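J.: fold the following for me, if possible:
(chains A, B, C and D, ligands or ions: 6)
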Amino acid sequence: MNEMTKITTLKDWETDQEVRWCPGCGDYAILKAVQRTMPELGVRPEDTLFISGIGCSSRFPYYMETYGFHTIHGRAPAVATGAKLANPDLDVWIITGDGDALSIGGNHTMHLLRRNLDCQIMLFNNEIYGLTKGQYSPTSRVGTNTPSTPYGSVDRPASPCAFALGSGARFIARGIDIHKDLTNVLKAAHAHKGAAFIEIFQNCIVYNKDVFDEFAAKKTAASTQLLLANGEPMLFEKGAKGIAMDRETLSLKVVDVVDGDWQAAKVIVHDVTNRSVAHMLIEMPFGEFPMAIGVLYDDPRPTFEAAVVEQNAKAAEGKKPDLQALLNKGQTWTVTEDGPEL
Amino acid sequence: MNEMTKITTLKDWETDQEVRWCPGCGDYAILKAVQRTMPELGVRPEDTLFISGIGCSSRFPYYMETYGFHTIHGRAPAVATGAKLANPDLDVWIITGDGDALSIGGNHTMHLLRRNLDCQIMLFNNEIYGLTKGQYSPTSRVGTNTPSTPYGSVDRPASPCAFALGSGARFIARGIDIHKDLTNVLKAAHAHKGAAFIEIFQNCIVYNKDVFDEFAAKKTAASTQLLLANGEPMLFEKGAKGIAMDRETLSLKVVDVVDGDWQAAKVIVHDVTNRSVAHMLIEMPFGEFPMAIGVLYDDPRPTFEAAVVEQNAKAAEGKKPDLQALLNKGQTWTVTEDGPEL
Amino acid sequence: MATALKQDDNSSNQPESAENVVVRFAGDSGDGMQLTGGQFTLSTALAGSDLATFPDFPAEIRAPQGTLFGVSAFQINFGSRAIETAGDEPDVLIAMNPAALKTNVDALRDGGLIIADAGEFGKRNLDKAKYENNPLEDGSLAKWQLLKLDISALTLEAVKPFGLGNKEALRSKNMWTLGLALWMFERERQPIIDWLNTKFAKLPDVAAANIAALNAGHAYGETAELSGDGLGGGHLTTRKVGAAPSAPGEYRTVTGAEALSLGLVAGAQLADVPMFFGGYPITPASAILHHLSRLKEFDVTTFQAEDEIAAIAAAIGASYAGKLGITSSSGPGIALKGEAMGLAIMTELPLVIINSQRGGPSTGLPTKTEQSDLYQAVYGRNGDAPMPVIAARSPSDAFECAIEAVRIAVQYMTPVMLLTDGYIANAAEPWKIPDVASLEPFPVTYLDKMPEGGLKPYSRDEKFARPWIKPGTPELMHRIGGIEKGIDTGHIDYGSANHQKMTEIRRDKVLGVADSIPDQDVALGNAGGKLAVVGWGSTYGPIHQAVRRAVEAGKDVAHIHIRNIWPMPKNLGDLLKSYDRVIVPEMNTGQLKTLLRDQYLVDAKPINKVSGQPFTIAEIDAAIEENLS
Amino acid sequence: MATALKQDDNSSNQPESAENVVVRFAGDSGDGMQLTGGQFTLSTALAGSDLATFPDFPAEIRAPQGTLFGVSAFQINFGSRAIETAGDEPDVLIAMNPAALKTNVDALRDGGLIIADAGEFGKRNLDKAKYENNPLEDGSLAKWQLLKLDISALTLEAVKPFGLGNKEALRSKNMWTLGLALWMFERERQPIIDWLNTKFAKLPDVAAANIAALNAGHAYGETAELSGDGLGGGHLTTRKVGAAPSAPGEYRTVTGAEALSLGLVAGAQLADVPMFFGGYPITPASAILHHLSRLKEFDVTTFQAEDEIAAIAAAIGASYAGKLGITSSSGPGIALKGEAMGLAIMTELPLVIINSQRGGPSTGLPTKTEQSDLYQAVYGRNGDAPMPVIAARSPSDAFECAIEAVRIAVQYMTPVMLLTDGYIANAAEPWKIPDVASLEPFPVTYLDKMPEGGLKPYSRDEKFARPWIKPGTPELMHRIGGIEKGIDTGHIDYGSANHQKMTEIRRDKVLGVADSIPDQDVALGNAGGKLAVVGWGSTYGPIHQAVRRAVEAGKDVAHIHIRNIWPMPKNLGDLLKSYDRVIVPEMNTGQLKTLLRDQYLVDAKPINKVSGQPFTIAEIDAAIEENLS
Ligand SMILES: Cc1ncc(C[n+]2csc(CCOP(=O)(O)OP(=O)(O)O)c2C)c(N)n1
Ligand SMILES: Cc1ncc(C[n+]2csc(CCOP(=O)(O)OP(=O)(O)O)c2C)c(N)n1
Ligand code: SF4
Ligand code: SF4
Ligand SMILES: [Mg+2]
Ligand SMILES: [Mg+2]
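T.: Ligands and ions are numbered 1, 2, ... in the order given. Modelled structure (predicted):
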């Protein structure tokens, strides 16, 4: 945090534009969570850039009193890469949807992650194309009935976090639109230097209402959510259950924890730098297992823009940007009034 | 295998077109391996379709005496999806390069994998753009010097198999262009019903010569390759070393095997259906570990085209495709010479 | 000409007969105006009136209730004579809340009728609509007739017996309003009741409530002596709009998206080839994907791809595999398909590409209509990449155009671009249902055995079409691709002379399509004369009406409407040259005019409108006037 | 006119003086012909001759040695007068193997000279080249002069002292050949020796061997009494091609790709803005990416993106962030960028898009040249999406065009398309190095504080350009996007009148660029007269030469070459109308002609060539002839 930075409040991050989501949409909660979190990050609105693609979620930048770019469908990661390389001091947030990031934009998402551009990617996963009025998306579950799949969808859905991991992401987290913990996830993502990928389960109340209820609903949360914290054992059901490693099958299993003795039950202590365990947490089938929420993986690596800046500086080291000399490079000859001479 | 299928020989799979790769290119070996394998699969040339994008590797279909489509850069998976949906009886092979499949075509590759279209994808990974004369690719290692990176590349490379796994692939294998085992990998891929992803390390002798030598070279292969076989222990170095699970860190480690007693060393038995272990095998850092070669993962799921065919059939069940009735659907009225009547 | 609901000072109870009436339903997005409009359309069509509609959606996202940008409107023009546009100015505006009034009232004809739900004109809604005072009370609407009804309260009353919650109950407001409208124009309620019963088959209570509201609205019209400001103390009476004279036959209403989808199915059947449709949702093209995904029994496979490129690529793959590949999108998505179109051109595979145009550039105005993708259709690809382009003029024309696109694609082994637009896609009109038996089949033949002289995948028939060969066919294995192909053999060929020749073949093949299309006709007026108004696509309606008026007024004006944008009908040049002047109204900055000037060197003058709204007849009138003097 | 190496029957030892000579080096891809040609070019340039070159690569993949499709050629035309093309017909063909002879000999002028490496004409190579008999022996080359030398053996001999392997040693064959060529045309060896020493600084043995081969070739010419078939028993002598008269100054050779890259750097410096270049490799555009990635000290950031869409999107992001975004590709890649160009148009950000055109459609002929993307440049986007387009005519012109593109982009806040092609990209010519001090700067100013009246991101200056605001600037936070923007505010605006107005502003802004460009000049001939030959881009050379011949022959012909394709110079219409006839030679099926006919209604006649090869002068001659009669 820059010490000169003026202290901001939620209000400083709100624009004068009317918010145009459907009443009740999960996007409102996320917007508020972000606007609430920004002052705590000690950043300045003028150094902050929100970049989005196209979708309901992608309207987000219009509501943030920062710089913002509502680009074209699927290309926000690429636009962000250019902006960040052009000015590495900008604090870049990418706002995208399951369609925007994983359907048309999957490739840019993957390349941003593998290159490790320093930014936060918030993927609003509502398992549907909201803006175009409710067709199924790459994250929709098999059998989803939509205008384009009147008999139910047959495609196997993508897992955003598995995709991110396979793409080489070094920070992966999950949050829920109306979950109060979302702020902490955002803070962790911001603290991570490099590409921070956050999947946010977002309720599209119009086209895919309450699809996440089975784990997002508050009343059953204790038994359906595994809230992760680094260095803490993986417990849920108020500590009565935990996640352990099955030494036979080399995969995770749910164990009962008796009297809080999780050590005895061999419950795993969450280590955000363990990539293999992160993979298992991501792929845990819900139902048999709870849904892992929070920071699943966090193990920074050098960032793309830092490497570019460093290489540019090194290559330029000791060289003067002398345009005339550049033009004159190579073998030249002079023509005088009398003709050429070497 | 269709019993009526005429027995073919390698010659039946060769076209009359001159092969136009650089002399010594690894592509030749792969071509021969495929032409040698086809007769063993008991398939017919006329039912076989090779589809490629653009790149040196993507010239492949011209040399196979089958149906073939040399499409545009990165789009082979999408073209293949259309072809397979149009005729699910075709045996579809996708030929692609690290640039074609993972740079411009990453998104289509991922969606083909998650949908699980029944086909074989052979990704010729030479860690370079061959056709456009040697720029670095998404799989090039950091520091690769190329015409577009005269000071060395800075992007972190993508891992093709990790990407495939993250995309939901149900079959993942690795092969080496000149490795005699490549045939077996191809056969396993063909036997797998669903999308079978094969990364083939291919030597581009002009622009990226021998980059894989550290593990592909025959003389050191015993200690640098972990040749996987389902149901067999993960041994290398002629059985003197193996791969085991570190129970503390929950990750893989190399162990010494004394007197062939791999059980004592707790060497893991390869189970091609274990997705978590597949993830670890894929991400094993080379050097510290050997390079895992062969079938890393194989656990079939229902295929996309089968689901589409089934749904189409079910939706059509009992319905007659009566065009006139379709046109007349909904509320209609009749106009007679005297005017309208309901 | 339109006679609207006028002051009724003779107190007669006889329905007044009107030649045509324009009614605009406007309300909050949540008020169900599109549905109301659609059902009113149906009942009007069933009564035999001719009609045209214009659904005017808000921008994509459902806006908070009551806001200005959340207003959804539906306009219908119906009459006892041929109707070609949704009408310039509404005669009646039904405004369900202040925002709807504010955003729509200015278009209302002077003296037109406003029916407003006074129950929604509370402080909060007035604020949201940025009204300082209640316009229903402050006299600001004086130049119109005003009828204030507390529709909300009346509806609540009507549905009380069904014990629905307040919110649920108010959902029937639109049916109450529809009931009133049906009464005003003497339409039958039964079809709507049937429809409600089907729609809510699983929710009988909801069905019953809606029907009760519908009946209540109707009854209200019948029994209440409706009077209001500006009605001059008179009463509102019903207006009978009679049936329009139309050819005998069976009719239904159809939107452009529906008709186009049906045309594709018909085309595929006539060609005797199964259809593969690859799409990616985008407004306003998605409707075609939605329609087709319900028609699997017609050998239709639909595939929602990961993006537009995959959608066209999959369609190309399907065409190679022997099905008819079709893809559809709107402007930005079509832009993405450009590279792949080149592949289809080079590999000479049949393919239909549908562009439902919308306001551009870039994301532009997704829900507004425009004709600004003609350049992109004709010219928007790398290389010399000729492709036939046809454009539908109206919902029912879309059916025929779709068949024509399929015919050209399979007979010439070429991609074809079919242009429609947001207006056509959503608008509805009565449609004389074609007799399937009268449609001419054009079955394709695949090459299925080795020809004498060996396999030549790029040999050609008299149309310059190459053979279509299905993978799976023994012996005919061959390879195609996007690199220049050798004449006949189709092998890769970088040769100079070969490229020259192949470029010419591709050009000539497409130009040859002109041999199979009818001569350009004159839609109205004489061939030759003072002024031709040349249009294409959805401007048909306003141009036709304006030219009709001019012709009726004795002016020497003709209407020419071009369906075949590329190649153009062979007689078109001579035809255009037979007029002293040619004007080209387009909803873009002048794109067809470029083609006409380039091809025929006629001084075609552009008349342009790019406001996201269709031309009004008056605008064309003015252009005619100006160019005749 | 070219006088080539003729039978030397006066045995004089004086160098013959030639006005211009066309030499073609042809060999296997592995033989280093491009390098040989490049160095010969350099030495020729250093001698002050004017010149033009045409590198003619094989298709992308390195072919097996000795095959017909693996032949690589390099043609140079040099003379003591102005040279504009690489020459219609070579006077001298140097053929390093049978395949090179076979594919190139037919272009050789009757009576021209063949120098063949007889050592490579063994059975295997003859077979690969599909020769039944050895053409060096069977008399089939009788109409040309033939000089057979066993260059392979001579080279091996020359480099023996360095103890290289056979394969390694043979690599110097091209230097031997170059030595001979230098002797033939009395060129200096020193610059080449210097270059070899630098190039192989780390491999002194290789450097020495190459230098030895070079010297040996040269010595061979000097000492051996070269005689051969068709030389009529005469000897081969040297030909001196003198210096061409050129303006005093410092010169170097430059290829189009180099000049264009340098121009971009210069443009960015003149605009005083750092450059961000986003590219994705594609032939023949990659060279620009390669050049720029070496210039990081000039505040150039290069980014090799994952595809063309990401490349332009990143450039747009960089422009928003305050750098100058540039992207570059060729036909298929440019097609992919269409949607994003719309975004740059809508957001009114500066952006330069370079299209190095190649043969199309689709993948087409990646290594061949063509001008067939003009339609795509001017028209190839969804919506009304106007964008300035300029086209370079030659390598050195590419420098100026690049600066001009940057100027227009930053002064008008608009994307600009800069067209070049495969021929220009690879061809080299002497270039009078510009004096940097004489280049006019056009520094940009960012808006960096709150203007009076508040922030209006879409307010405009007198050029209709909106302010450029860098994120990071306090107080000026604002949001942009691809949806239609409100006048001044830039907020989302779906309004009808607003869209109409904004469409007009975007159009007028781009049309306004015409105010800042010079009037169209007449490159040669009179303003007004019988015939104008109108060209654009790389056809400059052949058109200019042909028109020069015609003018010299007293014909009333003029050459007009258009750089500003869109908008066009204001006087162009009147200028064109001052000729009786206008013909438009283009390497496409007639694209510029569409613009001219549309804009000016002049009967511009297309002269088209689409063979992947530049026009020959003779072809333009013929067209002139035909259109004068
Ligand atoms: C090139 C292009 N293709 C398609 C569209 C239409 N489109 C806009 S948003 C969208 C999907 C939105 O889904 P998602 O990203 O999940 O966002 P949500 O609306 O659900 O927040 C689509 C298909 C477009 N605008 N541009
Ligand atoms: C749209 C498009 N962009 C770029 C290219 C140029 N291009 C052709 S192949 C290729 C990359 C090839 O790399 P890879 O897929 O690794 O294949 P390889 O040649 O190495 O086998 C590129 C960039 C193209 N043909 N089309
Ligand atoms: S459609 Fe769904 S995602 Fe979009 S604003 Fe409405 S509730 Fe939210
Ligand atoms: S460039 Fe490399 S990959 Fe391409 S053909 Fe040559 S050796 Fe093979
Ligand atoms: Mg979504
Ligand atoms: Mg490669």
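J.: can you pull out the strands in the stretch 451-600 of chain C?
T.: C:479-481, C:529-536, C:557-562, C:564-566, C:579-586 (DSSP state E, counting those that start in this stretch).
J.: can you tell which of these is closest to residue C:353?
T.: strand C:564-566 (13.0 Å; C-beta to C-beta). C-beta here means a position set from N, CA and C on the backbone, and glycine is covered the same way.
J.: could you check how far the closest one is from the centre of its chain?
T.: How far strand C:564-566 lies from its chain's middle: 18 Å, per C-alpha atoms, centre = their mean, to the nearest Å.
J.: direction included, what does it pair against?
T.: As defined by DSSP bridges, the strand partners of strand C:564-566 come to strand C:389-391 (antiparallel).
J.: any buried residues in the strand it pairs with, and which?
T.: C:389, C:390, C:391 (16 or more other C-beta atoms under 10 Å in any protein chain shown).
J.: save those as TSV, and put in distance to ligand 3 too.
T.: Shown next, in TSV, are the buried residues of strand C:389-391 (distance: C-beta to the nearest ligand atom, whole Å):
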residue	distance to ligand 3
C:389	34
C:390	35
C:391	32
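J.: of those residues, closest to ligand 6?
T.: residue C:389 (37.7 Å; C-beta to the ion).
J.: mind checking what secondary structure the closest residue to chain B within the stretch 201-342 of chain A has?
T.: Distances between the stretch 201-342 of chain A and chain B by C-beta to the nearest C-beta are smallest at residue A:307, namely 3.8 Å. Classification of residue A:307 using DSSP: H, G, I helix; E, B strand; the rest coil returns helix.
J.: how many neighbouring residues does it have?
T.: With neighbours defined by other C-beta atoms under 10 Å in any protein chain shown, the count for residue A:307 comes to 18.
J.: quick one: contacts for it?
T.: Taking C-beta atoms under 8 Å, 6 or more residues apart in numbering or on different chains, we find residue A:307 in contact with B:154, B:155.
J.: a strand runs through residue A:196, doesn't it?
T.: Yes. With three-state DSSP as the criterion, residue A:196 is part of a strand.
J.: so which of the strands of the stretch 451-600 of chain C gets nearest ligand 4?
T.: Nearest of the strands of the stretch 451-600 of chain C to ligand 4, taken as C-beta to the nearest ligand atom: strand C:479-481 at 16.7 Å.
J.: coming back round to it: in JSON lines: the strands of the stretch 451-600 of chain C, plus mean neighbour count and mean pLDDT.
T.: Listed next are the strands of the stretch 451-600 of chain C as JSON lines, based on neighbours: other C-beta atoms under 10 Å in any protein chain shown; pLDDT from 0 to 100:
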{"stretch": "strand C:479-481", "mean neighbour count": "24", "mean pLDDT": "98"}
{"stretch": "strand C:529-536", "mean neighbour count": "24", "mean pLDDT": "98"}
{"stretch": "strand C:557-562", "mean neighbour count": "24", "mean pLDDT": "98"}
{"stretch": "strand C:564-566", "mean neighbour count": "22", "mean pLDDT": "98"}
{"stretch": "strand C:579-586", "mean neighbour count": "22", "mean pLDDT": "98"}
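J.: rebuild the ones you listed as TSV, extending it with distance to residue D:552.
T.: What follows is these, written out as TSV (distance: least, C-beta to C-beta, whole Å):
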stretch	distance to residue D:552
strand C:479-481	47
strand C:529-536	47
strand C:557-562	48
strand C:564-566	43
strand C:579-586	44
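J.: looking at those, which is nearest to ligand 3?
T.: Per C-beta to the nearest ligand atom, nearest to ligand 3 of these: strand C:579-586, 33.7 Å.
J.: among the strands of the stretch 451-600 of chain C, which is nearest residue B:93?
T.: The nearest among the strands of the stretch 451-600 of chain C, by C-beta to C-beta, is strand C:479-481 at 12.8 Å.
J.: and the closest one, what does it pack onto?
T.: Applying 3 or more C-beta pairs under 8 Å, 6 or more residues apart in numbering or on different chains; DSSP states H and E, we find strand C:479-481 packed against strand B:67-70, helix C:331-347.
J.: is it true that residue A:145 touches residue A:135?
T.: No. Using C-beta atoms under 8 Å, residue A:145 is not in contact with residue A:135, being 10.7 Å away.
J.: the stretch 101-250 of chain A: helices as residue ranges?
T.: Using DSSP state H, counting those that start in this stretch, the helices found in the stretch 101-250 of chain A span residues A:106-115, A:160-166, A:182-191, A:213-216, A:221-224.
J.: got a list of what the closest residue to ligand 5 within chain A touches?
T.: Going by C-beta to the ion, ligand 5 is nearest to residue A:97 of chain A, at 3.8 Å. By C-beta under 8 Å, 6+ apart, residue A:97 lies in contact with A:53, A:55-58, A:123-126, A:129-131, A:137.
J.: and for residue C:213?
T.: C:155, C:158, C:159, C:172, C:173, C:175, C:176, C:179 are the contacts of residue C:213 under C-beta under 8 Å, 6+ apart.
J.: let's see 6 Å
T.: Counting by C-beta atoms under 6 Å, 6 or more residues apart in numbering or on different chains, residue C:213 touches C:155, C:158, C:159, C:172, C:175, C:176.
J.: and of these, the nearest to residue D:71?
T.: Distances from residue D:71 to the contacts of residue C:213, taken by C-beta to C-beta, are shortest for residue C:175, at 78.8 Å.
J.: how far away is the closest one from residue D:152?
T.: Going from residue C:175 to residue D:152 by C-beta to C-beta, to the nearest Å gives 94 Å.
J.: of those two, which one has the most company?
T.: Comparing residue C:175 with residue D:152 by other C-beta under 10 Å, the one with more neighbours is residue C:175, at 28 against 19.
J.: for that one, give me its contacts.
T.: For residue C:175, counting by C-beta under 6 Å, 6+ apart, the contacting residues are C:210, C:213, C:214.
J.: shaky segments in the stretch 201-342 of chain A?
T.: A:338-342 (pLDDT under 70).
J.: which stretches in it count as strands?
T.: A:225-227, A:235-236, A:241-246, A:251-256, A:291-298, A:332-336, A:339-341.
J.: elements contacting the fourth one?
T.: When contacts are defined as 3 or more C-beta pairs under 6 Å, 6 or more residues apart in numbering or on different chains; DSSP states H and E, strand A:251-256 packs onto strand A:241-246.
J.: cool, thanks, signing off.
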